[in-house]
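S.K.: This is a predicted model, with the sequence first.
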Amino acid sequence: MWAVLNGKQGVKEATRERVLAAVRALNYQPPATRRSLRAQFANVTAVIVRDIRNPFFTQVSSGIREVMVANGRHMLYYGSDMELEDDAQILELFRYCHVPGYIVSAMDGGPSLDVLRSLVDEGVCVVSIGGALPDLPTPTVSIDFRRGSRLAAEHLLARGHRRLAYLAGPPKWTDERTLGFVEALLRHDVPFDSSMIVTAGISIEEGRRAALQALSAPDDRPTALACFSDFIAMGAYRAAHELGLRIPDDVSIVGFDNIDITAILGPPLTTVSTFPQEIGRTAAHALLRSLRGEADAPNGQYVTEVELVERESVRDV
């Protein structure tokens with residue numbers, strides 16, 4: 001093996017290929033290489049987020065960076081425009097570099113989760129934001145999605161709306177938010193019907209299409225839309241404009257996340273703030289505690305607050 005790794009002559013080509021294949025399969029590194037990489041990346045934190053297009057993750061990353069800089073650490077940032085299940089290769093690259101700590105978006109399964117399991121087994125510290133990683137005992141920073149969605153719906157109900165629709169995100173991310181919406185209806189004795197839930201997605205265009213679907217029946221049009229995210233709400237703004245509907249006179253809209261741009265929409269968007277920078281700061285502090293081997297929160301679970309931010313996109317009925 002050493003003859004192959006050191007480029008010595010006289011090794012049969014077939015033997016050389018077998019050795020190199022084994023090296024690649026086992027992710028083998030000579031001891032000197034491992035020591036060098038560990039030293040170079042000892043103060044580095046890898047931050048891998050799910051959707052680079054969403055300013056929510058930019059604000060989360062800002063909170064992480066604030067804490068890391070204050071503690072003399074550097075960030076390797078990777079933002080995907082796809083789901084994390086497709087990003088196993090970038091995790092393998094950071095693994096090769098012996099990065100000691102990771103902050104990642106929540107995921108349900110796939111190759112990326114398999115790599116994270118291997119990293120945790122190797123003693124690497126991992127913190128998840130947005131939800132727990134299946135079967136991995138890692139610290140988790142979660143949002144009280146259920147309460148936030150309930151706050152949004154209850155605000156609409158308190159303003160007199162009774163014909164509501166909920167523009168939901170991808171099914172695997174929306175259970176708690178949908179429950180919060182339904183709970184608000186039941187608490188106010190408003191009958192729930194499955195047609196009130198319209199699956200949208202995560203992008204502005206998906207929000208636009210879902211809103212067009214929800215608002216397509218003039219005789220039974222909802223007077224208000226509660227949205228999975230501010231991006232979905234922005235899509236609903238576009239749909240309302242296309243249909244000639246005024247916000248909030250013809251349709252009221254509530255978002256979720258409170259990304260910066262929502263304050264300058266026309267009209268400014270009422271939304272649920274999840275305090276994304278605080279999520280980032282909480283995740284960063286949790287990772288630093290793990291790296292130092294200090295005790296974590298009970299069960300390693302942190303749940304951040306949510307708060308309704310009332311602006312001008314909701315009217316009284």
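M.R.: That came in fine, so what should we check first?

S.K.: now the strands for the stretch 201-317 of the chain?
M.R.: Counting by DSSP state E, counting those that start in this stretch, the stretch 201-317 of the chain forms strands over residues 224-227, 252-254, 271-273, 301-304, 307-309, given from the N-terminal end onward.

S.K.: Let's have the ones you listed in CSV, adding distance to residue 41.
M.R.: The way it works is simple: take the backbone N, C-alpha and C, and place the C-beta from them, glycine included. As requested, these are arranged in CSV below (distance: least, CB to CB, whole Å):
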stretch, distance to residue 41
strand 224-227, 40
strand 252-254, 43
strand 271-273, 35
strand 301-304, 26
strand 307-309, 38
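
S.K.: Looking at the ones you listed, which one is packed in the most?
M.R.: Of the strands of the stretch 201-317 of the chain, the one with the most neighbours on average (mean count of other CB atoms under 10 Å) is strand 224-227, at a mean of 30.

S.K.: what about residue 222, distance to residue 253?
M.R.: Plainly put, residue 222 is 10 Å away from residue 253 if you go by CB to CB, to the nearest Å.

S.K.: which residues touch residue 147?
M.R.: Residues near residue 147 by CB atoms under 8 Å, 6 or more residues apart in numbering: 180, 306.

S.K.: among the strands of the stretch 201-317 of the chain, which is nearest residue 292?
M.R.: Taking CB to CB, strand 301-304 is the member of those nearest to residue 292, at 16.8 Å.

S.K.: Could you list the residues in contact with the closest one?
M.R.: For strand 301-304, the surrounding residues in contact (CB under 8 Å, 6+ apart) are 132, 139-144, 274-275, 278-279, 282-283, 286.

S.K.: mind listing which of these are in helices?
M.R.: Using DSSP state H, the members of the contacts of strand 301-304 that fall within helices are 278-279, 282-283, 286.

S.K.: CSV for those, including pLDDT and distance to residue 196?
M.R.: Written out in CSV, the entries for the ones in helices among the contacts of strand 301-304 read as follows (pLDDT from 0 to 100; distance: CB to CB, whole Å):
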residue, pLDDT, distance to residue 196
278, 94, 31
279, 94, 29
282, 95, 33
283, 95, 34
286, 94, 37
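
S.K.: between the residues you listed, which is nearest residue 202?
M.R.: Compare each of the ones in helices among the contacts of strand 301-304 with residue 202 using CB to CB and the shortest gap goes to residue 279, at 17.3 Å.

S.K.: ok now do that closest one, which residues does it touch?
M.R.: By CB under 8 Å, 6+ apart, residue 279 lies in contact with 60, 63, 129, 141, 143, 304.

S.K.: could the residues you listed go into a markdown table alongside pLDDT?
M.R.: Conversion of these to a markdown table gives the following (pLDDT from 0 to 100):
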| residue | pLDDT |
| --- | --- |
| 60 | 93 |
| 63 | 95 |
| 129 | 92 |
| 141 | 94 |
| 143 | 92 |
| 304 | 89 |
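
S.K.: Those residues: which two are farthest apart?
M.R.: With CB to CB as the measure, no two of the contacts of residue 279 lie farther apart than 63 and 143, at 13.3 Å.

S.K.: what about the two, which has more around it?
M.R.: When residue 63 and residue 143 are compared on other CB atoms under 10 Å, the one with more neighbours turns out to be residue 143, at 23 against 20.
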